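Student: structure of the sequence below:
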Amino acid sequence: MPSPTKSTHHLLIDGLPVTVTLKNQKNMYLRVRPGVLVHRGEPDQRISEPTVDITAPYTIHLRDVEKFVRSRRNWIEEARDRIQMEAEVRANSAQNSQNPQNAAQRENLLGAWPLERENEARAILETKLPPILEKWQQRTGRAPSHVTLRHMKTRWGSCTPTTGRIRLNLALAYVPDELLEYVLVHELTHLDERGHGAGFQHRLSAYLPDWKEKRRALNSYGSY
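Tutor: This next block holds a predicted model:
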């Protein structure tokens with residue numbers, strides 16, 4: 001008896017589009033990869049929308065695929081977010097190549113720093129940060145156990161939800177205050193939502209409806 005031919009199914013699993021290909025194989029594989037360019041509001045703003053693709057044995061039930069996707073949802077969202085971020089950084093890098101001033105600004109913030117500049121940035125943030133933190137502690141009802149300021153070359157901030165600790169990049173001293181606020185709110189949101197999935201984005205949108213625009217603006221200074 002001949003084996004069933006390959007079949008493709010397009011599923012929507014808890015709001016997440018997933019393409020499932022069933023064929024003659026033993027295992028199930030999950031891939032998240034860049035997709036086609038789509039418009040994001042502004043006429044010249046096109047961002048690659050990551051796709052979620054699964055190949056699985058033709059004997060598997062689609063409900064088992066759905067269970068598998070739900071079990072890996074946090075990983076999927078983090079991968080989609082990373083791919084999307086990389087696309088935005090590449091887009092901003094292309095813009096910076098046409099604007100040497102922006103490129104120099106980015107290198108100036110995220111490159112190597114002397115101790116004197118670290119001390120200057122720390123003093124600036126220790127003045128700027130308290131009122132912003134107090135404002136958002138009241139709005140979110142959440143407070144970090146500790147806020148650490150340090151120079152980081154690849155991230156603007158990070159959060160450890162299990163300990164409540166938030167780390168902020170000293171380079172935030174030199175970006176507009178609204179972008180410092182965005183990074184802080186982003187990390188405070190992680191106290192409730194670990195990944196960057198739908199729950200995180202919904203909560204962050206409730207706090208900062210224009211957070212995606214702020215993220216794009218911040219990416220002109222470096223990756224986040």
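
Student: where does Glu187 fall, secondary structure wise?
Tutor: Here Glu187, judged by DSSP states H and E, is contained in helix 177-189.

Student: can you name every helix or strand that that helix contacts?
Tutor: Applying 3 or more C-beta pairs under 8 Å, 6 or more residues apart in numbering; DSSP states H and E, one finds that helix 177-189 makes contact with helix 115-140, strand 157-160, strand 165-169, helix 198-207, helix 211-219. C-betas here are computed from N, CA, C, even on glycine.

Student: what does stretch 142-152 contact?
Tutor: 113, 118, 121-122, 125-126, 129, 133, 137, 159, 163-171, 187-188, 191-192 (C-beta atoms under 8 Å, 6 or more residues apart in numbering).

Student: so which bits of the helix holding Glu187 are buried?
Tutor: 179-189 (16 or more other C-beta atoms under 10 Å).

Student: OK, contacts around Leu129?
Tutor: Leu129 makes contacts with 147, 168, 180, 184, as judged by C-beta under 8 Å, 6+ apart.

Student: now with 10 Å?
Tutor: Listed by C-beta atoms under 10 Å, 6 or more residues apart in numbering, the contact partners of Leu129 are 147, 149, 168, 172-173, 180-181, 184.

Student: I'd guessed Lys128 sits against Leu179; true?
Tutor: No - contact criterion C-beta atoms under 10 Å: Lys128 and Leu179 do not qualify, at 11.4 Å.

Student: identify the contacts common to the two.
Tutor: Leu172.

Student: rewinding a little: now, the most widely separated pair of the contacts of Leu129?
Tutor: Farthest pair in the contacts of Leu129 (C-beta to C-beta) is Leu149 and Glu181. Separation: 15.4 Å.

Student: can you lay out the buried residues of helix 177-189 as JSON lines showing distance to Trp211 and pLDDT?
Tutor: Converted to JSON lines, those look like this (distance: C-beta to C-beta, whole Å; pLDDT from 0 to 100):
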{"residue": "Leu179", "distance to Trp211": "11", "pLDDT": "96"}
{"residue": "Leu180", "distance to Trp211": "13", "pLDDT": "97"}
{"residue": "Glu181", "distance to Trp211": "10", "pLDDT": "98"}
{"residue": "Tyr182", "distance to Trp211": "6", "pLDDT": "97"}
{"residue": "Val183", "distance to Trp211": "10", "pLDDT": "96"}
{"residue": "Leu184", "distance to Trp211": "12", "pLDDT": "97"}
{"residue": "Val185", "distance to Trp211": "8", "pLDDT": "97"}
{"residue": "His186", "distance to Trp211": "7", "pLDDT": "95"}
{"residue": "Glu187", "distance to Trp211": "12", "pLDDT": "94"}
{"residue": "Leu188", "distance to Trp211": "12", "pLDDT": "96"}
{"residue": "Thr189", "distance to Trp211": "9", "pLDDT": "95"}
